[in-house]
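J.: Sharing a model prediction with you, sequence too.
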Amino acid sequence: MSYTSFNPPVRTLMGPGPSDVHPRVLTAMARPTIGHLDPAFIAMMEEIKGLLQYAFQTGNALTIPISAPASAGMEACFVNLVEPGEKVVVCINGVFGARMKENIERAGGVPIVVEDAMGTPVSPDKLEDALKTHRDARIVAFVHAETSTGVQSDAKTLAGIARHHDCLTIVDTVTSLGGSPLKVDEWGLDAVYSGSQKCLSCTPGLAPLTMNDRAVDKIKQRKTRVQSWFLDLNLVMGYWGSGKRAYHHTAPINTLYGLHEALAMLQEEGLEHSWARHRHQHLALRSGIEAMGLSFLVRESARLPQLNAIVVPEGVDEAVLRNRLLNDYNLEIGAGLGALAGRIIRIGLMGYGANMKNVMYCLEALEAVLA
Ligand code: PLP
């Protein structure tokens, strides 16, 4: 059997990610590959660090992209910060909070679960109660923007409670970075990871990560060695740090060109403008969704503009609906996950894809398919 080039269909990506990649990012990625220790490449790495500090709103020196999907950003936080036997309070209100729990267990930690229903934000009161009961816990983990339900939690308040109880925070911002307000330093978040494929409009495969000195000190004071070689930040920083660079792994050169372009575009637009654009397009989508008689899973005050979870109307098979959108309109939207499978559809308005053309196209297609 002989194969020829793969030419993917041209889709409009309005699911939970990946989102549509900006043509400028794709063009940047097609530029010539150079060595990962080439001085020109190292200069670009420094720019990426500065651009990521802007996106995260932080001055943290340890602000880098991990060379792997967002799940590796999650794993990097847990394997570096959690030592065997340590208690970690983990807030679960969706699929990704549950993954955090598994990461804690695999790192040898003892998870203390604070649970909220899917579609509701993490409860600050429940976190406070858990920390009063488990006074020896030193880490709190939660998801800022739960992609499985489209709900945002109040990261600033949760981090304030954690700090009051002398705990570090590990925060998942995979879906929030670039799409809705996120202020790492002002909110006092300690270890934060994200992904390249959502509101940054880059391709999947990179995990922006930032840690402050409190988190770095905890890693330095570990009694046991980080059990992952690839994600041991002591080693990763030998390559990404500001001193003499040492080979750790071969960086995904062209993907990093793409991230650089995506972050430069975010800076050109301005972070606050990007947040406002996502909100504006969400409100336009909301009007159309409500005009069709459909409803949102999440109460208005806790909705993420970039991830819209819509309740599937009685008698509609959502798998058939999504297939028709894909086959007849080349439009990808997301299914419900876990307990919400079959009960919701998820419409993403992320990064470059958060524009009026996409909103109108999606509403037209949905109306036609539901008729
Ligand atoms: N955390 C959240 C909130 C996510 O939405 C995702 C992916 O959708 C991940 C983590 C994992 O990201 P990846 O699939 O890039 O590993």
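T.: Received, thanks.
J.: What are the boundaries of the helices in the stretch 151-300 of the chain?
T.: Under the criterion DSSP state H, counting those that start in this stretch, the stretch 151-300 of the chain carries helices at the ranges 155-164, 184-187, 213-220, 233-240, 253-269, 271-291.
J.: With respect to Ala40, which of those helices lies nearest?
T.: helix 253-269 (10.9 Å; CB to CB). All C-beta spots, glycine's among them, are computed from the backbone N, C-alpha and C.
J.: returning to that earlier point: export the helices of the stretch 151-300 of the chain to a markdown table and tack on mean neighbour count and mean pLDDT?
T.: Listed next are the helices of the stretch 151-300 of the chain as a markdown table, based on neighbours: other CB atoms under 10 Å; pLDDT from 0 to 100:
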| stretch | mean neighbour count | mean pLDDT |
| --- | --- | --- |
| helix 155-164 | 19 | 98 |
| helix 184-187 | 18 | 98 |
| helix 213-220 | 16 | 97 |
| helix 233-240 | 19 | 93 |
| helix 253-269 | 20 | 98 |
| helix 271-291 | 17 | 98 |
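J.: Turn those helices into CSV, columns for distance to Ser5.
T.: Listed next are those as CSV, based on distance: least, CB to CB, whole Å:
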stretch, distance to Ser5
helix 155-164, 44
helix 184-187, 42
helix 213-220, 44
helix 233-240, 33
helix 253-269, 17
helix 271-291, 34
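J.: I'd like those as TSV, with distance to the ligand appended.
T.: What follows is these, written out as TSV (distance: least, CB to the nearest ligand atom, whole Å):
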stretch	distance to the ligand
helix 155-164	13
helix 184-187	16
helix 213-220	18
helix 233-240	17
helix 253-269	12
helix 271-291	15
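J.: The helix or strand of the chain with the lowest mean pLDDT relative to helix 213-220, how many degrees between them?
T.: Across the helices and strands of the chain, mean pLDDT, DSSP states H and E gives its lowest value to helix 233-240, namely a mean of 93. Calculated by axes from the mean of the first three to the mean of the last three CA atoms, to 10 degrees, helix 233-240 forms an angle of 110 degrees with helix 213-220.
J.: Could I have the CA atoms of helix 233-240 written out in PDB?
T.: Extracted C-alpha coordinates of helix 233-240, given in PDB (Å, rounded to 0.1, in the frame of the first residue of the first chain):
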ATOM      1  CA  LEU A 233      11.800  21.100  36.700                       C
ATOM      2  CA  ASN A 234      15.300  21.100  38.200                       C
ATOM      3  CA  LEU A 235      16.500  19.500  35.000                       C
ATOM      4  CA  VAL A 236      14.100  21.400  32.600                       C
ATOM      5  CA  MET A 237      15.400  24.700  33.900                       C
ATOM      6  CA  GLY A 238      18.900  23.700  32.900                       C
ATOM      7  CA  TYR A 239      17.600  24.200  29.400                       C
ATOM      8  CA  TRP A 240      15.000  27.000  29.800                       C
END
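J.: Contacts for it, please.
T.: 45, 49, 62, 64, 66, 76, 80, 211, 216, 219, 226, 229, 245-249, 251 (CB atoms under 8 Å, 6 or more residues apart in numbering).
J.: from the middle of its chain, how far away would that helix be?
T.: On the basis of CA atoms, centre = their mean, to the nearest Å, helix 233-240 sits 22 Å off its chain's mean C-alpha point.
J.: go on, stretch 67-81?
T.: Worked out by CA atoms, centre = their mean, stretch 67-81 lies 12 Å from the chain centre.
J.: before we move on, what about stretch 65-74?
T.: That offset, for stretch 65-74, works out to 10 Å (CA atoms, centre = their mean).
J.: Which residues does that stretch contact?
T.: 48, 52, 76, 96, 99-100, 103, 172, 174, 193-197, 204-209, 230-231, 236, 249, 251-252, 256, 259.
J.: hmm, it in reach of the ligand?
T.: Yes. Using CB under 6 Å from any ligand atom, stretch 65-74 reaches the ligand at Pro69, Ala70, Ser71, Met74.
J.: Drop anything exposed from those.
T.: Listed as buried from these are Pro69, Ala70, Ser71, Met74; burial here means 16 or more other CB atoms under 10 Å.
J.: so where's this structure shaky on pLDDT?
T.: The chain contains no residues with pLDDT under 70.
J.: now with 90?
T.: 1, 238, 241-246, 371 (pLDDT under 90).
J.: my guess is Phe142 is in a helix, correct?
T.: No. Judged by DSSP: H, G, I helix; E, B strand; the rest coil, Phe142 forms no part of a helix; its state is strand.
J.: The residue nearest to it when sequence neighbours are not counted: what secondary structure?
T.: Nearest residue to Phe142, sequence neighbours excluded (CB to CB, 6 or more residues apart in numbering): Cys91, at 4.0 Å. Classification of Cys91 by three-state DSSP places it in strand.
J.: In this structure Cys91 contacts Thr120, no?
T.: No. Applying CB atoms under 8 Å as the test, Cys91 and Thr120 come out as separate, 11.3 Å apart.
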